[in-house]
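K.L.:
Sequence first, predicted coordinates after that:
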Amino acid sequence: MSNKNPDTFHAPLNDEDTETQTVGCRHTNPNICSKNMMPNVCAFSREDGICKSPPASWKKQYQKLMNMVKGS
């Protein structure tokens, strides 16, 4: 099972990241995610590694990261 990763939430955006999905898991503690290993939802159980249920706070973080990209 996955370990805690406090930096993953703040990592730079990937090309396929959107407000509703992320490349890989953006949860800082995936072990407590209610969707952990859920088929077709969790990045750890999907072949493409896309998380279809990022944290509730992801939409705001996505906008913040997008603004950082646009500002550079």
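P.N.:
Structure received.
K.L.:
Buried ones in stretch 50-61, by neighbour count?
P.N.:
50, 51, 53, 54, 55, 58, 61 (16 or more other Cβ atoms under 10 Å). Placement of C-beta: from N, CA and C, glycine included.
K.L.:
Provide a list of residues in contact with the third one.
P.N.:
Same thing as residue 53. 33, 35, 38, 41, 42 (Cβ atoms under 8 Å, 6 or more residues apart in numbering).
K.L.:
What of the first one?
P.N.:
The neighbours of residue 50, taking Cβ under 8 Å, 6+ apart as the test, are 16, 21, 22, 23, 43.
K.L.:
Filter those residues down to the buried ones, PyMOL style.
P.N.:
Listed next is the PyMOL selection for buried residues among these, using 16+ other Cβ under 10 Å:
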select buried, resi 21+22+23+43
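K.L.:
Same list (the contacts of residue 50) but as JSON lines, adding pLDDT and distance to residue 8.
P.N.:
Output for the contacts of residue 50, formatted as JSON lines (pLDDT from 0 to 100; distance: Cβ to Cβ, whole Å):
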{"residue": "16", "pLDDT": "97", "distance to residue 8": "15"}
{"residue": "21", "pLDDT": "98", "distance to residue 8": "15"}
{"residue": "22", "pLDDT": "98", "distance to residue 8": "9"}
{"residue": "23", "pLDDT": "97", "distance to residue 8": "11"}
{"residue": "43", "pLDDT": "97", "distance to residue 8": "11"}
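K.L.:
From the contacts of residue 50, which land in helices?
P.N.:
Among the contacts of residue 50, no residue falls in helices (DSSP state H).
K.L.:
quick check, nearest of the contacts of residue 50 to residue 7?
P.N.:
residue 22 (14.0 Å; Cβ to Cβ).
K.L.:
Next, residue 63: secondary structure please.
P.N.:
Secondary structure, DSSP: H, G, I helix; E, B strand; the rest coil: residue 63 is helix.
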